[in-house]
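Undergrad: Test case, fold it:
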Amino acid sequence: MKPVRTLLAICASAVLVHGAVSFAHAAEKNGFTARMLAAADARDAENPVFDEAIKSGKYEALLVLGQIGGNACKKLVPYVRGSNKEAQKWAAKGAAYCRDKTLAPLVLEQMEAAEDKSLWAAAVGFSGAEGSKAALARALNKEGLSEEEKSAILFGLVQAVVYDRTNAADIEGLDLLPLVDMARDEGNYGAAYVLARLQAVPDVLAYPAFELAYRQMLRAGGPAPEGEALETARLMTRLAREFGDQSKMILWAASDAWEKVIRHEAIRSMGYLGDEKTKATILALANGEGDAATRHLAVDAIGRRSANDPSLVALLEQYISDDNRWVAATALRWLGQRDPASANQIAADWLDGEDYYLAFQALIALTGSDEGKAILRAYADANPDTVRGYEAAVALDPPIEAVTKPRKTPSAALLASYRGRELILETTRGKVCISMTGDAPYAATSFLQLADVGKMDGMLWHRVIPNFVSQAGQIENPELAKWGSIREEWGGEHRIGTVGVATAGRDTGTTQFFINTGYNMHLEGRYTVFGKVRDGMDVVYALEEGDVIKKAYTAKAASANCK
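TA: Model prediction:
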C-alpha cells in the first residue's frame, strides 16, 4: 500500500538511500545550498551550479541530479562508470533516485563487480533491472557481511520486491530460512520486511519452521518486544497470512496480544484465512464494543473473506448502518465488490448527501462495477465545477489527479522566515505538534503556508490504515485545487511519527500529507519526509477516518502550543 492521493489506491487498501546523510545538510557545508536547492526545486538540470559543484569536488550535485530525474540522469553515467570513489558514491545515490533504464544495467554491473555491495544495493533495488533481485539475493548470501552491508542489501531487496508481487520461488538463490533467523534472533526489520512482501512463501518455506520462529519471538512470559523489534514482530504476524489456515492458532493467539500493533496485524491477517475459529473471532470483534480501529479491521477481514463465504455478504449491509462512519465505509467498500447493485444504491445516496466523508468513500465503492461507473460519469458530467464532480472524474480516470501546475520555487527569504516554526494541528481527537526535519525546506514551507492561510482548517483524515499511515488533505474546497504541486525532496527515513507528502506520482504532491504509524521502509526514496511529530502521537494513534483538522496554524518551535 502507498500513501497516494488516487482513489484507486485508497480502494486497494531527499530520503536518500538507506543510511545516507541528507543532501541539504551536506550541501550546506560546501556553500552551494541555496543555488542547488533552488535549481533542484525548479527541476533545472542545466543550471551551471551543478557543473561548478562537480568541478569543485562537491559531488553531492550528482545526488540532486538524480532527484531531478529524467534527462538529468544521463549526467550520472560517467561517474557511475568512473574510478573516482567519492564521485561514484554520490552517483550511486543519485542513481537510486533516477530509476532510469539507461542506468539500470550499469548499476547492476557495478554491484556485481564490487567487493562491497552496499554502495550499489539501493540503486539496483530501485532500478528494476533484469536480474536485480537474484543479484541482491546472491549478495546477501556472501559470508562475513558487516551489519552495514547486510542492512543496505536488505533495503535494496525490499525496494526490488515491494510493489512487484514477487513469488519467493522466482528469486534465484534466495534462501528464506536465514531471513527468518535474522528476524527472530536479531530483530532484523529488513529481513522481516522482505519476507512479508514476498508472495507464495509456503512454496519455499515450510510452515513448521516459520511457526517455531514466530512463537519464539512472541513467547509467553518473555520480554515484550519494543521499538524496531516490535515492528519486526508485526511484519512476521503479517507473514503468517501467507500460510492460510495453517496459521489460524498463532493468529488467534496474536489477536489477543498485549501489544496493539500485533493485535491489529493479526486481525487484518485473519481476512486471508477461511477457518471457523478465526471467523468467530473477527465476528465477535466487529460486533463488540472495542476501539474503532479494531472494529474497522474486523469488518475489513469479514469483507475480504466474504469472497469465499457468501454468508458474510449479508453482514456487510448491516455494518453499513453502523453508527461509526469508518466501519460503515469499510463495509460499503467490500459490498461494492460482492453485491454491486445494493452498494451502488447506497453509494449514490452518500454521494448526494451532506456528509463529505461518506460522499468521498462512496466514490470508491462506485468504481467497482460498470453500473457504478455510469453513476460516477453522470455525476461528474452534471457537477463539473464542484469538488465532488472533479473527484468522480478522477475515480474514473486517476491520471487526471497528477495534472497539476507546479508551485513557484519559494525565495530564500521565505524559506528563512519559516525556519524554526512548527505546524500545530487541532484535530477532532486532540492536538498534534509537528516539527520540520530540515531535509525538505520547500515541502515544509508549502505546508506551513497552507496552515497560515487557513487552507488546512476542515481537512478530513480520509485514509487511516492502522500500522501504516494516517492521511489528511481531502476537503470540499475548490480553491485548494489552485494550490499547485511541490517537487520531491527525498531525505530521512519513514519511521513512526514522521510526516510525508502524499502523491499521485513523482513531483505531484500538493496539499495531502500522512503521518507514519508504522516503520515504512518501502516508502523511503519514494515519498518526501518533511516533518516529525514532536508531541501528540497518542492523538495520531486515536485518529479515525472521518475525523477533521479543526484548526491548523504555525508557531515557534518548542513553544507551549502542545502543552
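
Undergrad: Surely residue 461 forms part of a strand?
TA: Yes: counting by DSSP: H, G, I helix; E, B strand; the rest coil, residue 461 is located in a strand.

Undergrad: Which residue, neighbours along the chain excluded, lies closest to it?
TA: Distance criterion C-beta to C-beta, 6 or more residues apart in numbering; nearest residue to residue 461, sequence neighbours excluded, is residue 547 at 4.5 Å. Heads up, the C-betas are built off the backbone N, CA and C, glycines and all.

Undergrad: how far away is that neighbour from residue 179?
TA: 38 Å (C-beta to C-beta, to the nearest Å).

Undergrad: Also residue 329?
TA: Distance from residue 329 to residue 179, by C-beta to C-beta: 36 Å.

Undergrad: so where's the stretch 201-350 of the chain shaky on pLDDT?
TA: 220-224 (pLDDT under 70).

Undergrad: just checking, what packs against the host helix or strand of residue 377?
TA: Under the criterion of DSSP states H and E, residue 377 resides in helix 370-382. Helices and strands touching helix 370-382, as assessed by 3 or more C-beta pairs under 8 Å, 6 or more residues apart in numbering; DSSP states H and E, comprise helix 340-352, helix 356-366, helix 387-396.

Undergrad: Would you indicate which residues of it are buried?
TA: Neighbour-count burial for helix 370-382, counted by 16 or more other C-beta atoms under 10 Å, picks out 372-373, 375-376, 379-380.

Undergrad: so can I have JSON lines of the residues you listed showing pLDDT and distance to residue 274?
TA: Converted to JSON lines, the buried residues of helix 370-382 look like this (pLDDT from 0 to 100; distance: C-beta to C-beta, whole Å):
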{"residue": "372", "pLDDT": "95", "distance to residue 274": "28"}
{"residue": "373", "pLDDT": "96", "distance to residue 274": "31"}
{"residue": "375", "pLDDT": "96", "distance to residue 274": "33"}
{"residue": "376", "pLDDT": "96", "distance to residue 274": "33"}
{"residue": "379", "pLDDT": "96", "distance to residue 274": "37"}
{"residue": "380", "pLDDT": "96", "distance to residue 274": "39"}
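
Undergrad: Pick out whichever of those sits closest to residue 363.
TA: Taking C-beta to C-beta as the measure, residue 363 sits nearest to residue 376 out of those, at 6.9 Å.

Undergrad: I'd say the closest one and residue 367 touch.
TA: Yes: between residue 376 and residue 367 there is a contact under C-beta atoms under 8 Å: 7.0 Å.

Undergrad: Identify the contacts common to these two.
TA: Both residue 376 and residue 367 are contacted by 395-396, under the criterion C-beta atoms under 8 Å, 6 or more residues apart in numbering.

Undergrad: For the stretch 151-300 of the chain, which segments are assigned as helices?
TA: For the stretch 151-300 of the chain, applying DSSP state H, counting those that start in this stretch gives helices covering 176-186, 189-197, 207-217, 227-239, 248-254, 260-270, 276-287, 292-305.

Undergrad: Which one, of the ones you listed, ends up nearest to residue 114?
TA: helix 189-197 (19.5 Å).

Undergrad: in the closest one, what's buried?
TA: Residues 189-197 are the ones in helix 189-197 that count as buried (16+ other C-beta under 10 Å).

Undergrad: First-to-last residue distance for stretch 395-410?
TA: 32 Å (C-alpha to C-alpha, to the nearest Å).

Undergrad: Give me the buried positions along that stretch.
TA: Buried residues in stretch 395-410, counted by 16+ other C-beta under 10 Å: 395-396, 398, 401-402, 404, 407, 409-410.

Undergrad: Please identify which pair of those lies farthest apart.
TA: 396 and 410 (34.5 Å).

Undergrad: List the buried residues for stretch 422-441?
TA: Those would be 422-427, 429, 431-441, for stretch 422-441 by 16+ other C-beta under 10 Å.

Undergrad: That should have said stretch 47-58, apologies.
TA: Buried residues in stretch 47-58, counted by 16+ other C-beta under 10 Å: 47, 49-50, 53-54, 58.

Undergrad: quick one: low-confidence parts of the stretch 1-150 of the chain?
TA: Where the stretch 1-150 of the chain drops to pLDDT under 70, the residues are 1-31, 33.

Undergrad: To clarify, my last question referred to the stretch 451-563 of the chain.
TA: 563.

Undergrad: Mind jotting down where the helices sit in it?
TA: Assigned helices in the stretch 451-563 of the chain, in chain order: 537-542 (criterion: DSSP H, counting those that start in this stretch).

Undergrad: need the contact list for the closest residue to residue 509 other than its chain neighbours.
TA: Once flanking residues are discounted, residue 509 sits nearest to residue 501: 3.8 Å by C-beta to C-beta, 6+ apart. When contacts are counted by C-beta under 8 Å, 6+ apart, residue 501 touches 440, 443, 486, 488, 509, 512-513, 527-528, 530.

Undergrad: Out of the helices and strands packed on helix 370-382, which is the most enclosed?
TA: For the helices and strands packed on helix 370-382, the largest average neighbour count (mean count of other C-beta atoms under 10 Å) is found in helix 356-366, namely a mean of 24.

Undergrad: Report the rounded mean pLDDT for that one.
TA: For helix 356-366, mean pLDDT is 95.

Undergrad: Stretch 290-306: which residues count as buried?
TA: Residues of stretch 290-306 classed as buried by neighbour count (16+ other C-beta under 10 Å): 292-306.

Undergrad: got the CA positions of that stretch in CSV?
TA: Once non-C-alpha atoms are left out, stretch 290-306 reads as follows in CSV (Å, rounded to 0.1, in the frame of the first residue of the first chain):
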residue,chain,number,x,y,z
GLY,A,290,-13.8,-2.2,21.2
ASP,A,291,-12.0,0.7,19.7
ALA,A,292,-13.0,1.8,16.2
ALA,A,293,-9.7,0.7,14.6
THR,A,294,-10.2,-2.8,15.8
ARG,A,295,-13.8,-2.9,14.6
HIS,A,296,-12.8,-1.4,11.2
LEU,A,297,-10.1,-4.1,10.8
ALA,A,298,-12.6,-6.9,11.8
VAL,A,299,-15.1,-5.7,9.2
ASP,A,300,-12.4,-5.4,6.6
ALA,A,301,-11.4,-9.0,7.4
ILE,A,302,-15.1,-10.1,7.0
GLY,A,303,-15.3,-8.3,3.7
ARG,A,304,-12.2,-10.0,2.4
ARG,A,305,-13.4,-13.4,3.5
SER,A,306,-16.8,-12.8,2.0
